[in-house]
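1. Sequence below, structure please.
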Amino acid sequence: MHRRVTRALPLLLAAFASAMALASPQSPAPQPVPPFYAGTTAEAVLTARRIHTLDAAHPQATAIAWDKDGRILATGEAAELRHRYPQARHIDAGDATVIPGLIDAHAHLMELGYALLRADLSGARSVGEVVQRLQAHAATAPEDAWIVGWGWDQNLWPGARFPTAADLDAAFPDRPVWLSRIDGHAAWANTAAMRAAEALEGARRFDGDWQPEGGRIERGHGRATGVFVDGAMRLVERAMPPPDEAWRARALEQALALAVANGLTGVHDMGVSRADLALMRRFADEGRLPLRISAYADGDREALADLCEHGAYQHPGGRLQMKGVKLFVDGALGSRGAALLQDYSDAPGNRGLLVTDPAAYGAAVIRARDCGLQVATHAIGDRGNRIVLDTYQQALAGLGARADHRWRVEHAQVVAPEDFPRFAALRLVASMQPTHATSDMGWAGARLGEKRLAGAYAWRRFLDLGVPLALGSDFPVEQVDPRLGLLAAVTRQDRDGQPPGGWLPGQRLGALEALRGFTVDAARAGHDESRVGRLAPGLRADFVVLDRDPLAIPGAELDALQVRATWVDGQPVFTAE
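-> Okay, here's the model as predicted:
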């Protein structure tokens, strides 16, 4: 995870248009039915003013036909497909534009659900505002429950200082309070929470001069201040009562509903535990997964062991799979945990954290390779990225490495200039999140200095080297809405149009490149291009109905696109009221 959560978006208001679809004279001829579909009956034909298939052979259409199993039979011109399949149900999307289903290539569904059920601290502009929100939340929570929140960001506060336990103690002297930072890589406790954690049998006091492996306890004059970074967070979290299964199921249900309402038909869920996969399997068995989840195992937990023992997992319903592993190297830039080759420009003497020992990380990569798994590694800083590149290079040179491995670097956020070509040479995927750039641009220069910015958030540089670029959001760190990712990728500006001309504008993407990053290239990053990512015969009928054409409107308007409907396997999983 990496940076930003917001409140659930308002319900989309656009309705399906009732006008008949217009047949375009420029529409290509319909694709022939593949031999294995000879004689297959279409279940439905959808028509629309414009359909971007993102299929190189037939990029434009005005109709799609699919069978009863939700597999596309043909795309082409509306009149011809309706004539070919006269018995098929006709779905008229009117003046809408249809695109392949959007895939978020890096996200966290369970964490999104948890964030929706906890105190929302995103966007709070001061410690005082955080306390006010917590007091309102506490009034609705059981009296003996911990107060848990998500989303604070000290970069938005006067002075941009880390908070302290004392900031919370006056309002909550007795109830434990535990608040995750926006990036998920730091958390803030009050004194009651720290004392509860220290009371565990065998627990060390948090004061002193020691530090936990892979983390940092913030201290002043040897005393813990209340902020715990990366691996140190576990010292407090182990004292928290675990959520019950009903609460976890409610969290997943809400996260799934919000995802499809924003046009997502697929999510690459990074760092899924054994327990979370079991819950997702239950949802899949009950027909409650409205989108596709490509789960990547939590690399230092039991899920990786399960994969090595039993092999990659695929649910028979086709909406849940696990065939890769997510590992960590460093922390996040916002909490100064990203591992840098040189000191932080605004914190001399600090070069960040390695949350995993390089030797242990290398062993995990080798193990995943030998188990036939795809490897995805979180790396933010230039030192973190170099460690990943060095480790991948060694592992991929060994026996058992697959030629078409598509190993991934998650975030690839700050890269030393000399390391960019190595991504291409090693045939890696850069899995990046456009809204990270527009969220961080106000302070990234202070953290890194102008020289290092040349290798930061460098989407264009990767594409120009031929490195596949899979785009996502890292929700709930950022919003779950992929339209915000399209906006950031194309404009390098926030929703207010700032800064004029865009931040580091040389790294902008074109609208089609950005759309491919959330469809074709995201699917390929998950080895799923034979199932999803395009609208073509043989693939799944996963698509989004929009009020306007994302490839024809100004980039600054991409965030205002209205999702009229989201379809998966030829069935609507969201329809706007």
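
2. Output the below-cut-off pLDDT ranges for this protein.
-> 1-39, 300 (pLDDT under 70).

3. Select the longest helix from it.
-> helix 245-261 (DSSP state H).

4. List the buried residues in that helix.
-> Judged by neighbour count (16 or more other CB atoms under 10 Å), helix 245-261 contains these buried residues: 248-249, 251-252, 254-261. In short, each C-beta sits where N, CA and C put it, glycine included.

5. Tell me which residues touch the residue most central in space within the chain, please.
-> Centroid-nearest residue in the chain: residue 107, 2.4 Å away (criterion: CA atoms, centre = their mean). By CB atoms under 8 Å, 6 or more residues apart in numbering, the contact list for residue 107 reads 267-270, 472-475, 480.

6. Which stretches in the stretch 151-300 of the chain count as helices?
-> For the stretch 151-300 of the chain, the helices defined by DSSP state H, counting those that start in this stretch occupy 166-169, 191-198, 234-237, 245-261, 274-285.

7. got it, and the stretch 451-577 of the chain?
-> So, for the stretch 451-577 of the chain - with DSSP H, counting those that start in this stretch - the helices run 459-464, 482-491, 511-517, 520-525.

8. Could I get the buried residues of helix 245-261 in a markdown table, plus columns for distance to residue 534?
-> A markdown table is the format used below for these (distance: CB to CB, whole Å):
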| residue | distance to residue 534 |
| --- | --- |
| 248 | 34 |
| 249 | 33 |
| 251 | 32 |
| 252 | 28 |
| 254 | 30 |
| 255 | 26 |
| 256 | 24 |
| 257 | 26 |
| 258 | 25 |
| 259 | 20 |
| 260 | 19 |
| 261 | 23 |
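
9. which other helices and strands contact the longest helix of the chain?
-> helix 109-117, helix 274-285, strand 563-568, strand 571-575 (3 or more CB pairs under 8 Å, 6 or more residues apart in numbering; DSSP states H and E).

10. From the contacts of residue 107, which land in strands?
-> 267-270 (DSSP state E).

11. Check the buried residues of helix 245-261 and tell me the two furthest apart.
-> 248 and 261 (20.7 Å; CB to CB).

12. burial of the nearest residue to residue 157 once chain neighbours are set aside, as a residue count?
-> Among residues not flanking residue 157 along the chain, residue 126 sits closest, at 5.4 Å (CB to CB, 6 or more residues apart in numbering). Neighbour count of residue 126, defined by other CB atoms under 10 Å: 12.

13. ok, so what distance separates residue 126 from residue 179?
-> 14 Å (CB to CB, to the nearest Å).

14. repeat for residue 67
-> With CB to CB as the criterion, residue 67 and residue 179 are 50 Å apart.

15. And these two? Which one has more around it.
-> Using other CB under 10 Å, the more surrounded residue of residue 67 and residue 179 is residue 179, with 25 against 18.

16. does that one really touch residue 153, like I thought?
-> No. In this structure residue 179 lies outside contact range of residue 153 using CB atoms under 8 Å: 11.0 Å.

17. ok, which stretches of the stretch 351-500 of the chain are strands?
-> With DSSP state E, counting those that start in this stretch as the criterion, the stretch 351-500 of the chain has strands at 374-379, 408-411, 429-432, 469-471.

18. To residue 487, which of the ones you listed lies closest?
-> strand 469-471 (12.0 Å).

19. helices and strands around that closest one, which ones?
-> Taking 3+ CB pairs under 8 Å, 6+ apart as the contact cut, strand 469-471 packs with strand 102-107, strand 429-432, helix 459-464, helix 511-517, helix 520-525.

20. ranking these by burial, who's on top?
-> Among those, ranked by average contacts under mean count of other CB atoms under 10 Å, first place goes to strand 102-107 (a mean of 30).

21. chain center to that strand: distance?
-> Averaging C-alpha positions (CA atoms, centre = their mean, to the nearest Å) puts strand 102-107 5 Å from its chain's average.

22. Can you check what angle separates it from helix 482-491?
-> Relative orientation of strand 102-107 and helix 482-491, computed by axes from the mean of the first three to the mean of the last three CA atoms, to 10 degrees: 90 degrees.

23. Give me the sheet partners of strand 102-107 and which way each runs.
-> The pairing partners recorded for strand 102-107 under DSSP bridges are strand 264-272 (parallel).

24. roughly how far out does the strand it pairs with sit from the chain middle?
-> The answer for strand 264-272 is 7 Å, by CA atoms, centre = their mean.

25. what packs against the one helix or strand residue 305 maps to?
-> If you go by DSSP states H and E, residue 305 is part of helix 302-310. With contacts defined as 3+ CB pairs under 8 Å, 6+ apart, the packing partners of helix 302-310 are helix 274-285, strand 292-298, strand 320-328, helix 358-370.

26. Now tabulate those in TSV and tack on distance to residue 312 and mean neighbour count.
-> TSV is the format used below for these (distance: least, CB to CB, whole Å; neighbours: other CB atoms under 10 Å):
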stretch	distance to residue 312	mean neighbour count
helix 274-285	12	17
strand 292-298	10	26
strand 320-328	4	24
helix 358-370	11	17
